[in-house]
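Asks: Any chance you can model this:
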Amino acid sequence: MNTSAMTIPHSSHSDSAQFAKGIAVGLVAASIGALYTVFARWGIAHGLSSPDLTVLRFGVAGLLMLPVLALAVRRDLVQFTSRWRIWLLVALLAGTPFGLLMFGALQFAPPSHAAVFPFTAMSVMGMVLGALVLGDRMTLRRMVGIATVLMGLVMVSGVEASSLTLRASIGDAMFVAAGTLWAGFGIVLRKHRLDPLLATAVISISALLTYVPAYFWYTGGASLGAADPYVFWVEVLVQGVIAGAGTLYTYSKMVSLLGPSRAAVFPALAPGLAALMAWPVLGHVPATLEATGLVLVMMGLIIAVTVSTTSTVRSPTTQGKI
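Replies: From the prediction side, this is the model:
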């Protein structure tokens, strides 16, 4: 009797600590997302293109993760050979296909749509897939929170009805597909209890081996070679080191702590935070509508995420399976 009484408070304290750590990691992940968005605009303004930024992101992160994967293979090769289908799925969901869809969509849809459609898909599909695959409850509170987040995203981005053209719809569909892939990535991470650092390494190196050769084959790397050295190295740091490896790791870690349904809400903070970061970097003063949208996104995130930790942060033994 006394043992049971002591175990329950300890479990509750452990859940609360895990929840708090997940929130902190989520805020870091959203901040990284905002940072690389702002510096992507800064790099493009200084002569780089979207493919240039993508190759820096994948190439630098892949090189950084090579020792991590080599050490993991040396220690336990079986975890890769016996589960190669799972690792391949992770690479397909968050690697080169995701990057091609996200950056390719900008050829059809305006940048304002990039702040709404992929993050909408991440949040909504993260919640839906979490309910279908992992058995996470799709509560009314969570749905209200995500709806509030989406309203805030529209205000932050400044999407206008006139921008919803047939051509833009192609890009929007690509954004939605990218967001859905990312949500699926979170589901696979949680379902199979994958190590966040190993997942980061597998995704980064798979992109290094696929996207990077294709980029140099088609472009020759001329624009990177002609870039200002200061701009080049700033983007290596931001896109490659901080964003390339940091985004994948922090999101993977957040999923392991909070679950994919709640983790999928945090990327929606990135556009609002980007509007704030653009002030000192790009000289863009956030408009009232943008500030209001960020407040709404924050409110929606709080509503969607702050539910009872005892009912939503579950142990591996109670996790739903298919």
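Asks: In the host helix or strand of Phe185, which residues are buried?
Replies: Following DSSP states H and E, one finds Phe185 within helix 166-191. Neighbour-count burial for helix 166-191, counted by 16 or more other CB atoms under 10 Å, picks out 168, 171-172, 174-191. Yep, even glycine has a C-beta here, placed from its N, CA and C like the rest.
Asks: can you check stretch 72-84 too?
Replies: Result for stretch 72-84 [16+ other CB under 10 Å]: buried residues 72, 79.
Asks: Same check on stretch 135-154?
Replies: 136, 139, 142, 145-146, 148-154.
Asks: On the three-state scheme, the closest residue to Gly179 other than its chain neighbours is what?
Replies: Spatially, and ignoring its direct neighbours in sequence, Gly179 is nearest to Ala121 (2.7 Å; CB to CB, 6 or more residues apart in numbering). Under the three-state scheme (DSSP: H, G, I helix; E, B strand; the rest coil), Ala121 adopts helix.
Asks: low-scoring stretches of the stretch 201-322 of the chain, by residue?
Replies: Where the stretch 201-322 of the chain drops to pLDDT under 70, the residues are 281-287, 290, 305, 307-322.
Asks: surely Val236 meets Val60?
Replies: Yes: in this structure, Val236 is within contact of Val60 by CB atoms under 8 Å, at 5.6 Å.
Asks: Quick check on the two: which one has the bigger neighbour count.
Replies: Val60 (24 against 16; other CB atoms under 10 Å).
Asks: ok, so what distance separates the more buried one from Gly22?
Replies: For Val60, the distance to Gly22 equals 27 Å [CB to CB, to the nearest Å].
Asks: Would you mind giving the secondary structure of Met138?
Replies: Secondary structure, three-state DSSP: Met138 is coil.
Asks: Name all residues that make contact with it.
Replies: For Met138, the contact set (CB atoms under 8 Å, 6 or more residues apart in numbering) comprises 127-128, 130-131.
Asks: From those residues, pick the one nearest Leu258.
Replies: Gly130 (10.6 Å; CB to CB).
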